[in-house]
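S.K.: build the 3D model from these lines:
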Amino acid sequence: IVADPRRPEMKEILNRRIKHRESFRPFAPSILAEATGQYFERSHPSPFMTLAYPVRPEKRDKIPAPTHVDGTARLQTVTREANPRYHALISAFRDLTGVPVVLNTSFNDNEPIVCRPEEAIDCFQRTQMDALVLGDLLVARQGQ
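M.R.: Okay, the predicted model is just below:
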């Protein structure tokens, strides 16, 4: 599940509409690998969301939704080579907003992570997600 990291209220929106989990649990930022040093105090790759880096103080107001209360974030660095579609998505968001980061959280609602298209459709139908992308197919709720 991806969302706009610039909106401070996005964490509450995701928890209310989709995730239904404790409010203290943070979400993660996915960032273009080449922009990591611009937003974080470290730039070492972290493709598997296993490391928390301090968000640069001057960038914390740019990505408040995935920034933890201690000023860190458990980031995922995304390279074009490893994940060209996700890299393209984040690049398009950067081109629109100037921010090379999206908020990222697991695709589930207090259940095991979605692995099959049928599970994705079920989770989409049970929650208030705005849209679902399956390969090249976009499913959006009316009015979105």
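S.K.: contacts only, for the closest residue to Ile1 other than its chain neighbours.
M.R.: In space, Ile1 comes closest to Thr105 once its chain neighbours are excluded; the distance is 4.9 Å by CB to CB, 6 or more residues apart in numbering. The way it works is simple: take the backbone N, C-alpha and C, and place the C-beta from them, glycine included. Counting by CB atoms under 8 Å, 6 or more residues apart in numbering, Thr105 makes contact with Ile1, Ala3, Leu14, Lys19, Phe27, Ala28.
S.K.: show me those that map onto helices.
M.R.: Among those, DSSP state H puts Leu14 in helices.
S.K.: hmm, back to that, distance of the residue nearest to Ile1 from Pro5?
M.R.: Noted for Thr105: a distance of 11 Å to Pro5, by CB to CB, to the nearest Å.
S.K.: again with His20
M.R.: 20 Å.
S.K.: what pairs with the residue most central in space within the chain across the strands?
M.R.: With distances taken as CA atoms, centre = their mean, Asn104 lies nearest the centre of the chain, 1.8 Å away. For Asn104, the beta-bridge partners are Val2, Ala28 (DSSP bridges).
S.K.: next one: Val78
M.R.: Note on Val78: beta-bridge partners by DSSP bridges are Leu32.
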